[in-house]
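Asker: Got a sequence here, can you build the structure:
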Amino acid sequence: MLRMLNIPLLLVLLVSSSAIGAGVEPAPDPVKAIRSAAKDFLRLTAKQGYATQLAISGGMANSVSHKIVDQAVDEAYAGLVRGPLMHMPEQQIFRTVDKGALFDGDIWRKLQSTADGKKLDRLFAFPERILSEAAKKPQKVEWLESEDKVASDDRKKPTGKTAVAEREENRLYNKLRVTLSDKTALQYFIEVQNSGCLSGG
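Answerer: This next block holds a predicted model:
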């Protein structure tokens, strides 16, 4: 039996893009799209901010799918990010990429001075940091099939009295899957291992 932590590191992004008819134009370059999304996300973080959530389940797995059969870790985090600062209202925590403070009883403590704070710091990375790193050195970037439908206004309309509209398979390019390099995956795994989650602590 192998003790594993099941963290889906699938990065699915919503990228604004126009619908493109089959055979009319090639698909947009996915690498350029991920880099553009990373820049836009950083701008959004600085101007408006965003809300983020992370759920982690870990425990014993005995199959190649890493499906958990004996859960030992069940963590859920939520934060509000604006610029370089994240606020986690439920835990009364304020943090940046390398520092943080939590309200413990009647006093404020350094985030990394507690076991829970260290675990949170290693598991809950700032999403814009992960996205920026993914955009710099992706191993593979590909478009995913979108569940959204192309608006009827975007489809070609027939011209002339007897014209027959051609059948079009319009596709909306707004979801990307980014696979990170083995080195980056190992780096994240080491951070998870150092958090103590793999030992159930």
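
Asker: export the strand ranked longest in the chain as PDB, just CAs?
Answerer: Assignment by DSSP state E gives strand 68-82 as the longest strand of the chain. The C-alpha coordinates for strand 68-82 follow below in PDB (Å, rounded to 0.1, in the frame of the first residue of the first chain):
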ATOM      1  CA  ILE A  68      -8.300   7.200  -1.800                       C
ATOM      2  CA  VAL A  69      -9.500   4.200   0.200                       C
ATOM      3  CA  ASP A  70      -8.500   5.400   3.700                       C
ATOM      4  CA  GLN A  71      -8.700   9.100   4.000                       C
ATOM      5  CA  ALA A  72      -6.300  10.800   6.500                       C
ATOM      6  CA  VAL A  73      -6.300  14.400   5.300                       C
ATOM      7  CA  ASP A  74      -9.300  16.600   4.500                       C
ATOM      8  CA  GLU A  75      -8.500  20.300   4.200                       C
ATOM      9  CA  ALA A  76     -10.500  23.100   2.800                       C
ATOM     10  CA  TYR A  77      -9.300  26.700   2.400                       C
ATOM     11  CA  ALA A  78     -10.900  29.900   1.100                       C
ATOM     12  CA  GLY A  79      -9.300  33.300   0.600                       C
ATOM     13  CA  LEU A  80      -9.900  36.800  -0.800                       C
ATOM     14  CA  VAL A  81      -6.900  38.100  -2.800                       C
ATOM     15  CA  ARG A  82      -6.200  41.700  -3.700                       C
END
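
Asker: how about residue 121, what does it touch?
Answerer: When contacts are counted by C-beta atoms under 8 Å, 6 or more residues apart in numbering, residue 121 is found next to 95, 100, 111-112. All C-beta spots, glycine's among them, are computed from the backbone N, C-alpha and C.

Asker: now it, what's its secondary structure?
Answerer: Here residue 121 is helix, with the state taken from DSSP: H, G, I helix; E, B strand; the rest coil.
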